[in-house]
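**Q** I would like the atomic coordinates for the input below:
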Amino acid sequence: MIWKGTTVLVVSKDGKTVMAGDGQVTYGNTIMKHGARKIRKIADGQILAGFAGSVADAMALFDRFESKLREWGGNLTKAAVELAKDWRTDRILRRLEALLLVADKNNVLIISGTGEVVQPDDNVAAIGSGAPYAIAAARALVRNTNLDARTVVEKSMEIASEICIYTNKNITIEEI
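**A** As a prediction, this is how the structure comes out:
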């Protein structure tokens with residue numbers, strides 16, 4: 001059996017950046033937990049970070065990412081690139097199975113173990129098994145409504161939870 005899925009979504013709009021993560025932890029075809037916390041504020045509350053994948057791996061990556069943030073004076077983009085470089089080249093780190101979604105007031109980034117640091121064009125990004133559903137809903141709402149970032153995230157996560165079997169409605173939301 002393998003650990004499966006999650007949904008973490010971020011929307012940055014009108015000076016607000018909002019990230020949400022569902023609470024479901026699934027192992028094989030069994031729901032193990034309903035209230036996991038997959039997102040958090042870091043760097044004295046200036047940066048939002050969320051993960052999809054192995055919890056232990058994600059915690060190790062959070063620690064490394066926070067260290068990179070300190071090393072680069074809080075520069076989100078530089079810290080993300082440096083983490084991605086380490087993640088890809090370090091023999092131990094490259095075995096970690098997770099994705100990170102990080103954001104501040106100005107940037108939204110997805111960081112992967114293959115060395116990718118992706119900044120979406122529209123400041124809307126998602127990771128995990130429910131990502132396609134959440135991001136489609138968020139982009140539709142951003143483009144076609146005047147809803148604020150928090151409401152877009154809430155509605156998009158609700159839609160994702162209705163479609164993705166690995167995403168539940170127990171949503172944690174953080175905002176900067």
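
**Q** show me where the chain has helices.
**A** Using DSSP state H, the helices found in the chain span residues 55-71, 76-89, 131-144, 149-163.

**Q** in the longest one, what's buried?
**A** Read that as helix 55-71. 57-58, 61-62, 64-66, 68-69 (16 or more other C-beta atoms under 10 Å). C-beta: built from backbone N, CA, C; applies to glycine.

**Q** do the same with the third one
**A** By neighbour count, and taking 16+ other C-beta under 10 Å as the criterion, the buried residues in helix 131-144 are 131, 133-139, 141-142.

**Q** and the gap between the closest residue in space to residue 155 that isn't next to it in sequence and residue 13?
**A** Using C-beta to C-beta, 6 or more residues apart in numbering and skipping the chain neighbours, the partner closest in space to residue 155 is residue 141 (6.1 Å). As for residue 141, its distance to residue 13 is 10 Å (criterion: C-beta to C-beta, to the nearest Å).

**Q** any residues in contact with both of the two?
**A** With contacts taken as C-beta atoms under 8 Å, 6 or more residues apart in numbering, residue 141 and residue 13 have residue 152 as neighbours in common.

**Q** thinking again about what came up before, quick one: contacts for the residue nearest to residue 155?
**A** If you count contacts by C-beta under 8 Å, 6+ apart, then residue 141 has 147, 151-152, 155-156 around it.

**Q** buried only: go through those residues for me.
**A** Buried, going by 16+ other C-beta under 10 Å: 147, 152, 155-156, out of the contacts of residue 141.

**Q** how about low-confidence regions in this protein?
**A** Low-confidence segments of the chain (pLDDT under 70): 1-4, 54, 90-97.

**Q** go with 80
**A** Flagging of the chain using pLDDT under 80 yields the residue ranges 1-5, 27-28, 53-60, 87-98, 113-115.

**Q** now the residue nearest to residue 150 when sequence neighbours are not counted: how far from residue 103?
**A** Closest residue in space to residue 150, ignoring its immediate chain neighbours: residue 18 at 4.8 Å, by C-beta to C-beta, 6+ apart. Here the criterion is C-beta to C-beta. By it, residue 18 lies 9 Å from residue 103.
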